[in-house]
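In: only geometry, no sequence info:
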């Protein structure tokens, strides 16, 4: 009904073009500004913008906005975790360029009635995470908000011109690798949503609810941490720098493996073949999926928010890190005409286009 | 009533410490992160953070968040103007460090039902302004919002180590100067608020309202432009660079002359004496104040959003630009024990503390 109503309006809403349509439109609108700055090597369209302040240095910069009720729910999200996550998701974008974070600026729009202790919690999480990643909080802006908490983090990192890694650059034959495990963040989100419903039912019936979602759901601890406290893979970037390994392309998994692999393929002009049996899905994630009568494979492909790195390596390069258990080979880049497909456990080919990741404006 | 209610709550709300109390608290909370980055020369507490990516270059960076119903009202603000203003307020912060803008990242939280044409308008304003100031839009983030439009802009600029200008650095005896005129933005805001009321009255009574606030209020054009389309004083920064003029301290007027001069004095450890008769208030602003039975002096001192530069110069340096009509001398820095005062037209001294600028969290 609501969609039909919108269809009859004299304007086109963002929902009709989706998040990626919106980004493309914005990129076109700001394109004329790029001529002012030849030192800007990459604008909109990669995990970070790339800027060359001097001959031997590249800066990579990224920004992420987190809005209450869209990205987080204060009923199920401790503010300290939220602060930490706001930092991690930006570090993850810097890592996806093979860069290391240097400093961040943080803007906050917050209702004036917000308790100061909650702001302290939020910044304790921000500060802890920043120290863990070795970056400085250099500044920011504060404003009141008429409508919930909004956190906007902008981060600047650095990388040498030899090490910078883009979404483009993969070649057919390169191995597709992913760090860590997939689907855990989606499992955690589903658990928190179930817990919220239980909590609200208790409240409605005037029954006491004493469990704290994160504290007492011990058996699901890993999945809930994957959702609330993701850790950006700065360890992998440091390993690449130490071992002089250059991925041919890289992206972080924020929208979901399916969607993010499609980005790599589009930018690199390749196809891809994934193997279901190679996808690193933790046994706990499978157990939770069974319990919730949901599908761990869908979580791994389209759940998003795992903040692992998806990267491609030439077969020769891969030999150097073949023993590393934090990095799994999950498939191979192919010629573009072969499309982007998943071979499932029964040998059937499924086009990945049919499995969609998260779109903020999908209707 | 509402305040009493809050007072009895077991927590302290942000309103109780105000915007500057909140900023101080945040600065303390993130202080431990600063040790990670010795190249960060200035963190929270100036118009920009200052970072040294290489020996001969400084980067200045700033961020501003604009929230619907707090910073702008879509009823009275054309989106193209809003886009332009979002850029200008950040350029103004870069200018306040005597720097020139290089690139910006823009995050947008927007209701999914928002018409695409409105986003196009917004980005047309952003793109036009960026081209005017010679900076590139390098990236950003888009998200849906459950509650109105939020725009967060982060900007990175550059300045040589010899030219960078801080809030600290003024000495007793330095002349206090301001660019352009003051109070115009406040006059424009009051006019727009009056116009909005007229508009809503028309709507309530089912009478047609055809005037477009910006288009047909021609007699108030300058004041309304000062509010909706402020222009950052990049021209003054270029003049300073060309003529090799080094202000001893500088800040942009966003909160209001009174509040922003107090920042300069606190950071420079000086007092200040302003002369009412020297304040550059446009005759149109005085006329509007008379018409609205309001006070142009209060607008000039506490209205805020003029985005002019407030700066101090040694008397010798001032001679170089003494003929420049865009820069007015309005007073002199004094010894700190003399306090920060305004001498009014009758020779009376008024402590500036009693005139407060805008505080997002004042109750």
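Out: Now that the structure is in, tell me what you want to look at. Treat the numbers as computed from the prediction; the structure is a model and nothing was measured.
In: Which segments of chain A make up each domain?
Out: A:1-33, A:37-159, A:175-354 (automatic domain parsing).
In: Residue A:206 - how many residues pack around it?
Out: As a burial measure, residue A:206 scores 6 neighbours (other CB atoms under 10 Å in any protein chain shown). Every C-beta, even on glycine, is put in place using the N, C-alpha and C of the backbone.
In: pLDDT weak spots in the stretch 201-350 of chain A?
Out: For the stretch 201-350 of chain A, applying pLDDT under 70 flags the ranges A:210-218.
In: how about the strands in it?
Out: A:249-252, A:271-275, A:309-313, A:327-334, A:340-343, A:349-351 (DSSP state E, counting those that start in this stretch).
In: Which residue is most remote from the mean position of chain A?
Out: In terms of distance from the mean C-alpha position of chain A, residue A:206 ranks first, at 38.1 Å (CA atoms, centre = their mean).
In: Show me the helices in chain A, by range?
Out: Under the criterion DSSP state H, chain A contains helices at A:2-7, A:18-30, A:79-95, A:116-133, A:184-204, A:213-216, A:221-228, A:234-242, A:257-268, A:283-291, A:296-298, A:315-320.
In: could the ones you listed go into a markdown table alongside mean neighbour count and distance to chain B?
Out: Output for those, formatted as a markdown table (neighbours: other CB atoms under 10 Å in any protein chain shown; distance: least, CB to the nearest CB, whole Å):
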| stretch | mean neighbour count | distance to chain B |
| --- | --- | --- |
| helix A:2-7 | 10 | 7 |
| helix A:18-30 | 18 | 4 |
| helix A:79-95 | 26 | 9 |
| helix A:116-133 | 21 | 4 |
| helix A:184-204 | 18 | 16 |
| helix A:213-216 | 16 | 21 |
| helix A:221-228 | 22 | 18 |
| helix A:234-242 | 18 | 13 |
| helix A:257-268 | 22 | 15 |
| helix A:283-291 | 17 | 26 |
| helix A:296-298 | 20 | 22 |
| helix A:315-320 | 13 | 28 |
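In: what about the strands of the stretch 201-350 of chain A, which gets the closest to residue B:54?
Out: Of all the strands of the stretch 201-350 of chain A, strand A:249-252 sits nearest to residue B:54, with 25.7 Å by CB to CB.
In: The closest one: which residues count as buried?
Out: Residues of strand A:249-252 classed as buried under the neighbour-count rule (16 or more other CB atoms under 10 Å in any protein chain shown) are A:249-252.
In: for stretch A:144-160, same thing?
Out: In terms of neighbour count (16+ other CB under 10 Å), stretch A:144-160 has its buried residues at A:144-145, A:147-159.
In: Out of these, list just those in strands.
Out: Residues of the buried residues of stretch A:144-160 located in strands (DSSP state E): A:144, A:150-159.
In: give me the subset of those touching chain B.
Out: Among these, the residues lying close to chain B (CB under 8 Å from any CB of the partner chain) are A:144, A:150, A:152, A:154, A:156, A:158.
In: closest point of the stretch 51-200 of chain A to chain B, which residue?
Out: As assessed by CB to the nearest CB, chain B sits closest to residue A:147 within the stretch 51-200 of chain A, at 3.2 Å.
In: one step back: export the buried residues of strand A:249-252 as JSON lines, with columns for distance to chain B.
Out: Shown next, in JSON lines, are the buried residues of strand A:249-252 (distance: CB to the nearest CB, whole Å):
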{"residue": "A:249", "distance to chain B": "18"}
{"residue": "A:250", "distance to chain B": "17"}
{"residue": "A:251", "distance to chain B": "15"}
{"residue": "A:252", "distance to chain B": "13"}
